[in-house]
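A.B. asks: sequence and computational prediction follow.
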Amino acid sequence: MAFRTAGTARRFGAGRTRLMLPVLVALAFLLVAFLVFTAVYTNLLWYRSVGFSEVYTTRLRAEAVLFFGSGLLMSLVVAANVVVAYRLRPAYRPLSVEQQGLERYRSVIDPRRRLISVGLLALLGALTGSSVAGRWQVWLAFLNRTPFHVKDPQFHKDVSFYVFTYPFLRLVLGVVFATVILSFVAAVMVHYLYGGLRLQGPGDKASPPARAHLSVLVGLFVLLKAIAYWLDRYGLVHSERGVATGASYADVNALLPAKTILAVIALLCAVMFFGNLLRRGMMLPGVGFTLLVLSAVLLGGVYPLLIQQFQVKPDELAKERRYIERNIDFTRRAYGVKDAQVVPYGSQPEKDPGKLRQEADGLGGVRVLDPNVVGPTFEQLQRIRPFYKFPDTLDVDRYLVDGKATDTVVALRELSGAPSGQRSWVKDRMVYTHGYGFVSAYGDQMAQGGNPDFITRDMPASSARIQVTKPEIYFGERSPRYSVVGGKGQKELDYPDNSPDDGQQSNTYDGDGGVPIDSFFHKLLYSARFQDKNLLLSGAIKKDARILYDRSPRERVQKAAPWLTLDGDPYPAVVQGRIVWIVDGYTTSGGYPYSEETSLGQATRDTITDTRSAVARQADDHINYMRNSVKATVDAYSGAVHLYQWDTEDPILKTWMKVFPKSVQPKASIPTELEAHFRYPQDLFKVQRKILTKYHVTDPSAFYNGEGFWEVPQDPTTKGKLQPPYYQSLKMPSSFDGATDFSLTTVFNPRDNPQLAAFMAVDSNPSSRYYGQIRILQMPRDAQPPGPGQVQNSFETDSKVKTDLFALRQGGTKTVAGNLLTIPFGGSLLYVEPMYTKASGGKEQQPYPLLGKVLVRYGNEVAAAGTFEDALKQVLGGSGAPAVTGTQPGPGGRLTPQEQQAINELQKAVGDYETAQKKGDYPGMGDAWDRIKKAQEQLSAAQRAGGNQAKPNATPTPSSSPSSPSPGASPAGSTEASAG
């Protein structure tokens, strides 16, 4: 009885295990289904909240069609071949060691054959479907393709064939290739398992049915290869074999006919394999396949190589000239630089001082506030509270201030999170929910002490020049992952103040952004999405509450327009009292014929992308076509996304406007006040300047020889990084329109040469008829001006300027070089660089840069002064006296006699120190150092007596002991390189 009881218990336990397994599998399936449903449905809710649900549903439909279409194709075709192979198994298998071993596998597989087959085929179909579904853009673009009305010169096909049709045909061919290959592999495995194929034993190694089956599959593979050879002919327009991208002489005269011949041979070879169904034997297919392989090697590899070596190389320029012309023409078309204007400049610089002063009067404000340097300054002066944050790179825009278009440096006061020690879920998610305030400063003038001269500042904003009616920033680059806002009675912190009630100004969100979360169902979904139980359990979430997520401008635009490539630097603007983010969107392609390919990530890298977090780096996508086709905006309060057509001629944009008919608004619908803040985008400009390092040369002979090729210079303030382009208002010379306009500028060096080869600017004012016009001033090759590195070196080595910088670097104070601006002026070039000072100290002291000097060079004259105007007067021979010590003039704008005497003694002492240092005269260096300190003390005393207090960072304090200066010692303090 006991034995049966134990046995019964074991049977009960085994039965319970068998019962629990399906239950666990079902629960796991339900959990996965719930998570998938949560992801899909919450995404749909997000798209509905921004009015782009059609984008999401269209994409889902396309992915579903491709997933199930390709997955079913793969599964059904492989399954059919497995079934055929199984039914063609031989009725009798010869006895052998090999078959005895396989019998063990057959005995295990046969009882579960259908289950194993269905499981493997389902997995294969899912993997195939997932891979192909990710190419939904290729399929939709093919279905809605738009002609370019430009034909390639070789095959005379419209460019749209290479941009839309060719990638789709390659996708289809790849799927069919994979299906045939996997079918062949599966058929071989089944034939081998059931005896249709043998590796051991006498007689044929393959049964006649197995041989016929596999012959058909190989024939299909070779037939597909014939189609691939035919398509390869069109792929030659992207060839890299010759001197330039595109079909070269060897491609056209050797590889093109070779591909055609190989396609014919592959087609005949496929017929031979299909013929094996009637004529049993491998002789004919084997001969055909061998012929195909030999032809591929000889015609596809050896023959073009021989043509290249023995016909092209001896007379390469003559052979490749027409193909180089094609490459130059199509590359310039593809990157939008075909109409770039290149004019000679700088051969006759103006020498008349009167005319130079007259031109200087019309120069206008030069931007001396560097947005890449003063981020910490904005933060220290305008953060107000520690839970706010400014970006490390600010933005340049222009506003009408007092009726005049003014270059401004702008930034938003964004939220960095609840203060340390006050963190809780309610505070993190429901109180500290948004940033507050738009801060701007003049770009061409500074306030007292080298501080930015703010136009809008403080909380609440205290300026009537730029009025902001909605200063709250619920959608920004630093917004929390998600926030719950707008609940009945909910108070979201704007900023602390002295109000008697709760000591703060608060806001209750009343916008229509985000998704309602006041229902149990939505709470459950978002609790699962963000894996946060508080969303489900918290009683603080009241009626009308909304959840805001996916809040950064780039992220919102990318989800609304997944077919766009976005600029790495969104920037804020005030439009009709509201803060909006402006994001530039690009349509790109890698299929434009004859156009040189470039890496988007490499072309857009410079000092800013490599050293600043506020500007996103582009992915290393390889493209050969680019247009700024869309201007997108994101409302910082409501999160509303708007896409505006900008390039009305771009066929790729027109294609996507067919795919998503209501997603992009026509250009005519852009509000005038918003359009005034558009600018030429940086990433497109960087790509174009990289292209123009070579493709400003349009003569094939010069291009072949590399004559006049340029390069983007290194940033003189940051080693190993490229100099970024700069926004500035400038007047181009009379060879163009001669008007002052907002522009984006850069310079070029000759290859492997530090001098300056050319200056390039593009009009960035959308109201100008020249908007987007690229203009290049090419310097004379026999008298090139200094490049950025040489100009920076002249600032550091000029005796007068060096003394100014020495005075700024006292007491451990660092100097931070700002953007080195290059400006066409007087038939030559004017160089302007703001030099900032920053006190020494760690993060606890939080030092920030202030403008110390403005350095200017024109011709061989170099000067430094407290303002650009004073420095310019010095280099032009004006009356501005050099300010040697970095102090500001005394009362009435003039130095006192005592101050001037101290300056002269300090300058002489510095010169004696450097002379002694070169000679290795250590006693002389020590004596000069004592005089330097004494002169500094005298200068400080004279300033105090004269009522002229120097800036704190210019206070002269020796940074090292003078008694034992080292051989390499310098009276200058340390210099910190700027990233811009």
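C.D. replies: Nice, I can see it.
A.B. asks: surely L66 meets Q137?
C.D. replies: No - using CB atoms under 8 Å, L66 is not in contact with Q137; the gap is 10.6 Å. C-beta coordinates here come from the backbone N, C-alpha and C atoms, glycine included.
A.B. asks: so for the two, which sits in the more crowded spot?
C.D. replies: L66 (24 against 15; other CB atoms under 10 Å).
A.B. asks: wasn't the more buried one part of a helix?
C.D. replies: Yes - counting by DSSP: H, G, I helix; E, B strand; the rest coil, L66 is located in a helix.
A.B. asks: mind listing what it touches?
C.D. replies: The neighbourhood of L66, defined by CB atoms under 8 Å, 6 or more residues apart in numbering, consists of 129, 132-133, 135-136, 139.
A.B. asks: just those: which are in helices?
C.D. replies: 129, 132-133, 136, 139 (DSSP state H).
A.B. asks: and for H622, the neighbour number?
C.D. replies: Quick note: H622 (other CB under 10 Å) scores 12 neighbours.
A.B. asks: any idea how far Q505 lies from S638?
C.D. replies: 20 Å (CB to CB, to the nearest Å).
A.B. asks: I'd say A942 and A902 touch.
C.D. replies: Yes - contact criterion CB under 8 Å: A942 and A902 qualify, at 5.4 Å.
A.B. asks: these two: which is more packed in?
C.D. replies: A902 (26 against 21).
A.B. asks: that one sits in which helix or strand?
C.D. replies: Element membership for A902 (DSSP states H and E) is helix 897-919.
A.B. asks: check A26 too.
C.D. replies: helix 2-50.
A.B. asks: and the helix or strand hosting Y644, how far out from the chain's middle?
C.D. replies: Using DSSP H and E, Y644 sits in strand 641-645. With CA atoms, centre = their mean, to the nearest Å as the basis, strand 641-645 stands 20 Å off its chain's centre.
A.B. asks: right, and the helix or strand after it?
C.D. replies: The helix or strand immediately downstream of strand 641-645 is helix 651-659, counting by DSSP H and E.
A.B. asks: what packs against the following helix or strand past that next one?
C.D. replies: Using DSSP H and E, the helix or strand that directly follows helix 651-659 along the chain is helix 672-675. For helix 672-675, the packing partners by 3 or more CB pairs under 8 Å, 6 or more residues apart in numbering; DSSP states H and E come out as strand 571-575.
A.B. asks: tell me the strands beside the strand it packs on, with direction?
C.D. replies: strand 578-589 (antiparallel) (DSSP bridges).
A.B. asks: starting at the chain centroid, how far to the partner strand?
C.D. replies: Relative to its chain's centre, strand 578-589 lies at 12 Å (CA atoms, centre = their mean).
A.B. asks: roughly how far apart are the residue positioned nearest the centre of the chain and S416?
C.D. replies: When CA atoms, centre = their mean is applied to the chain, the residue found nearest the centroid is Q618 (2.3 Å). Distance, Q618 to S416, by CB to CB: 26 Å.
A.B. asks: for Q380, same thing?
C.D. replies: Distance from Q380 to S416, by CB to CB: 14 Å.
A.B. asks: ok, the two, which is more surrounded?
C.D. replies: Using other CB under 10 Å, the more surrounded residue of Q380 and S416 is S416, with 18 against 15.
A.B. asks: and the more buried one, how far from V55?
C.D. replies: 32 Å.
A.B. asks: quick check: phi and psi at the residue nearest to the centre of the chain.
C.D. replies: With angles defined as degrees, to the nearest 10, Q618 sits at phi -80, psi 150.
A.B. asks: equivalent analysis for the one 5 residues further on, please.
C.D. replies: Listed backbone geometry of I623 is phi -130, psi 160, with angles given as degrees, to the nearest 10.
A.B. asks: residue contacts, the nearest residue to S239 once chain neighbours are set aside?
C.D. replies: The shortest distance from S239 to any non-neighbouring residue, by CB to CB, 6 or more residues apart in numbering, is to D251 (5.0 Å). For D251, the contacting residues are 236, 239, 241-242, 304, by CB under 8 Å, 6+ apart.
A.B. asks: tell me the one of these nearest Y388?
C.D. replies: S239 (54.6 Å; CB to CB).
A.B. asks: could you measure from N327 over to S701?
C.D. replies: Distance from N327 to S701, by CB to CB: 14 Å.
A.B. asks: between those two, which one's more packed in?
C.D. replies: Higher neighbour count among N327 and S701: N327, with 25 against 12, using other CB under 10 Å.
A.B. asks: and the pLDDT at the more buried one?
C.D. replies: pLDDT recorded at N327 is 97.
A.B. asks: show the contacting residues for it.
C.D. replies: By CB under 8 Å, 6+ apart, the residues touching N327 are 244-246, 594-596.
A.B. asks: beta partners of S729?
C.D. replies: Where S729 sits in a bridge, its partners, by DSSP bridges, are F742.
A.B. asks: hmm, it is touching L363, no?
C.D. replies: No - if you go by CB under 8 Å, S729 and L363 don't touch, sitting 9.8 Å apart.
A.B. asks: which of these two has more neighbours?
C.D. replies: Each of S729 and L363 has its neighbours counted (other CB under 10 Å); S729 has more, 23 against 18.
A.B. asks: pLDDT of stretch 924-933, averaged?
C.D. replies: For stretch 924-933, mean pLDDT is 77.
A.B. asks: what sits against the residue nearest to the centre of the chain?
C.D. replies: 565, 568, 600-601, 604, 683.
A.B. asks: now the buried members of those.
C.D. replies: 565, 568, 600, 604, 683 (16 or more other CB atoms under 10 Å).
A.B. asks: run me through the strand neighbours of the host helix or strand of V439, direction for each.
C.D. replies: Assigned by DSSP H and E, V439 belongs to strand 438-446. Looking at strand 438-446 with DSSP bridges, its partner strands are strand 404-412 (antiparallel), strand 452-456 (antiparallel).
A.B. asks: list the contacts of it.
C.D. replies: 364-369, 378, 382, 390, 396-397, 399, 401, 406-413, 452-457, 461, 466, 468, 471, 572, 574, 579, 851, 867-868.
A.B. asks: for ChimeraX, write the select line for the buried members of those.
C.D. replies: Restricted to buried positions by 16+ other CB under 10 Å, the ChimeraX selection for the contacts of strand 438-446 reads:
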select :365,366,367,368,369,378,382,390,396,397,399,401,406,407,408,409,410,411,412,413,452,454,455,456,457,461,466,468,471,572,574,579,851,867,868
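A.B. asks: look up phi and psi at N507.
C.D. replies: phi -140, psi 140.
A.B. asks: can you count the residues close to it?
C.D. replies: 21.
A.B. asks: mind listing the residues bridging to it?
C.D. replies: Going by DSSP bridges, N507 forms beta bridges with E492.
A.B. asks: wait, it sits on E472?
C.D. replies: Yes - counting by CB under 8 Å, N507 touches E472, with 5.7 Å between them.
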